[in-house]
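# have a look at this fold, sequence not included:
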């Protein structure tokens, strides 16, 4: 069974969107506010998919272990 990471980081979002790493860090904070998460909580692939409208399958193709 191949396991993928559950969390998504600014570098992952940068690869997906082509935006700067600084913008991606800001975007993660915006997503946390949108989903009513605490600052210490992580953003999952599913959370990013909900916010961005990009399918989870497409996001998973960009994740590097």
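Received the coordinates, thanks. Just so it is clear, the model here is predicted, and its values are computed rather than measured.
# need the contact list for the residue nearest the centre of the chain.
Nearest to the geometric centre of the chain sits residue 8, at 4.0 Å (C-alpha atoms, centre = their mean). Contact partners of residue 8, counting by C-beta atoms under 8 Å, 6 or more residues apart in numbering, are 43-45, 47-48, 59, 63. For every residue, glycine as well, the C-beta is placed using N, CA and C.
# could you redo the last one with a cut-off of 6 Å?
Contact analysis of residue 8 by C-beta atoms under 6 Å, 6 or more residues apart in numbering lists 43, 45, 48.
# columns distance to residue 54 and secondary structure on top of those residues, output as TSV?
Below are the contacts of residue 8 laid out as TSV (distance: C-beta to C-beta, whole Å; DSSP: H, G, I helix; E, B strand; the rest coil):
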residue	distance to residue 54	secondary structure
43	13	coil
45	10	helix
48	7	helix
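# good, wrapping up.
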